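Peer 1: Below are the sequence and a predicted model; questions follow.
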Amino acid sequence: MTGTNRPADRFARREETSRSWPRWPLLVIAAPAAVAVWSGWVGLGAMCGFGLVQPLPGIAAWHLDTAITLPVGVEAYAVYALGTWLAPGTPAAARTFARRSAIGALVLGALGQVVYHLLAAAHATAAPWPVVVLVSCIPVFVLGCAAALTHLLRVPAENVQTFNTEKDPEPAAEIMQTHKDLEPVPVPEPVAVPEPVPVPGAVPRLTAVPDADVTRVLDELGTAASIRAIKAALGCGQPRAKEIQQRIQAS
């Protein structure tokens, strides 16, 4: 591996490139956008019932306009998720969630601006109830997404064993060589089992039918006993009665 292709060199070039680009144009671009977005969300929040509240009644007399929670929550989370998505070194699960939620937050912010300007152009003083329901759920939605993304960023990466190419140049080859050096274990050959030799004149015993049952049938019914008579005498089934009859005929 050449020095120009090492990961450390690539990261160094990337860091050097990122430092070479100034960030002050981003502030110039973001300032008017922030003013427009802030005014749109605050105006929409006022139409949806967001207004002055006293967070600490009986403790502090100051009031807070809850309409500012919309631009702070939605747009701040969109920037946070967008930065997590584009930042190098983000875990895969966090990057996927950040990408989806960042796009969703940006789309939600755009829809909020569209709804506000449509209502303002129509000189409306209150938003329709579907808009009120959606806007009321935004803070809870943003809080859940932010908590989930933060949790995914704090989860440690899986402990995957990797090899350093400089210290262990060919670990796989060494493992294969170790397996080759092992002596093969001999496999025993199967032992042939001799077939039983039939004895001349011997009567083959079909099954393990008790001799007492055969003797009983011979004493009570004789050698010409039928299967039905054997079943009635012994109270057995058809297969066993047939076997007893074969034993009697073969004897």
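Peer 2: All right, it came through fine.
Peer 1: Now do A105: how many residues are near it, please.
Peer 2: By the measure other C-beta atoms under 10 Å, the count of residues near A105 is 24. All C-beta spots, glycine's among them, are computed from the backbone N, C-alpha and C.
Peer 1: Actually, L64.
Peer 2: If you count neighbours by other C-beta under 10 Å, L64 ends up with 13.
Peer 1: same thing with A212?
Peer 2: Neighbours around A212, by other C-beta under 10 Å: 8.
Peer 1: That one falls within a helix, correct?
Peer 2: Yes - remark: A212 belongs to a helix, assigned using DSSP: H, G, I helix; E, B strand; the rest coil.
Peer 1: okay, now the domains of this structure?
Peer 2: 23-154, 211-250 (automatic domain parsing).
Peer 1: quick one: the strands in the stretch 1-150 of the chain?
Peer 2: Using DSSP state E, counting those that start in this stretch, the strands of the stretch 1-150 of the chain run over 52-53, 64-65.
Peer 1: Out of those, which is the most enclosed?
Peer 2: strand 64-65 (a mean of 13; mean count of other C-beta atoms under 10 Å).
Peer 1: Quick check: which helices or strands does the helix or strand harbouring H151 pack against?
Peer 2: According to DSSP states H and E, H151 maps onto helix 129-154. Applying 3 or more C-beta pairs under 8 Å, 6 or more residues apart in numbering; DSSP states H and E, we find helix 129-154 packed against helix 24-47, helix 69-86, helix 92-121.
Peer 1: rerun that using 7 Å as the cut-off
Peer 2: Contact partners of helix 129-154 among helices and strands, from 3 or more C-beta pairs under 7 Å, 6 or more residues apart in numbering; DSSP states H and E: helix 69-86, helix 92-121.
Peer 1: Enumerate every residue touching I227.
Peer 2: 238, 241-242, 245 (C-beta atoms under 7 Å, 6 or more residues apart in numbering).
Peer 1: Sweet, I'm off.
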